[in-house]
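Visitor: Below are the sequence and a predicted model for it; my questions follow.
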Amino acid sequence: MGGDGKVFTFEEVSVHNNHKDCWLIINGKVYDVTKFMEDHPGGDEVLLSFTGQDATDDFEDVGHSDSAREMMGEYCIGDVDASTVPQKKKYKIPNQPHYNQDKTSEFIIKILQFLVPLAILGLAFGIRLYTKST
């Protein structure tokens, strides 16, 4: 790979974000893809959309061919200083309050879960006593 051991900060790489000057960060390496933009199968807009960030995950998700990976070597101009790359925030599911659709309190539901079977049992017992005594 090229690059001659040059190390760039994330900020240095981020300013190269247009059609005439486009750099990407993939797997800790910096690539000047300006000359490749017109030839990129996905179009130049795809490359431009990943400037100013670490494009590693997106690059891997696409499933590039072995020949595409080999071609990257000619565009590599160095490494990125990993300590300057902002950490990606992981998606956290927002805390949502318990939704009680019928708006009754849980206490009332628990009381009814206890009292209704008890009432049925009492009714069955009462019917049995009434029918037995007659």
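Guide: The structure has been received and is ready for your questions.
Visitor: how does this structure divide up, domain by domain?
Guide: Here the domain assignment for the chain is 7-80, 101-133, based on the TED database.
Visitor: Now render these as CSV, adding mean neighbour count, distance to residue 94 and mean pLDDT.
Guide: Every residue, glycine included, has its C-beta placed from N, CA and C. CSV is the format used below for those (neighbours: other C-beta atoms under 10 Å; distance: least, C-beta to C-beta, whole Å; pLDDT from 0 to 100):
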stretch, mean neighbour count, distance to residue 94, mean pLDDT
domain 7-80, 15, 23, 89
domain 101-133, 9, 20, 86
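Visitor: Save the ones you listed as a markdown table, and put in distance to residue 87 too.
Guide: Formatted as a markdown table, the entries for those read as follows, by distance: least, C-beta to C-beta, whole Å:
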| stretch | distance to residue 87 |
| --- | --- |
| domain 7-80 | 10 |
| domain 101-133 | 39 |
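Visitor: Nearest to residue 86, out of those?
Guide: Ranking the domains of the chain by proximity to residue 86 (C-beta to C-beta) places domain 7-80 first, at 6.9 Å.
Visitor: First-to-last residue distance for that closest one?
Guide: The straight-line separation of the ends of domain 7-80 (C-alpha to C-alpha, to the nearest Å) is 5 Å.
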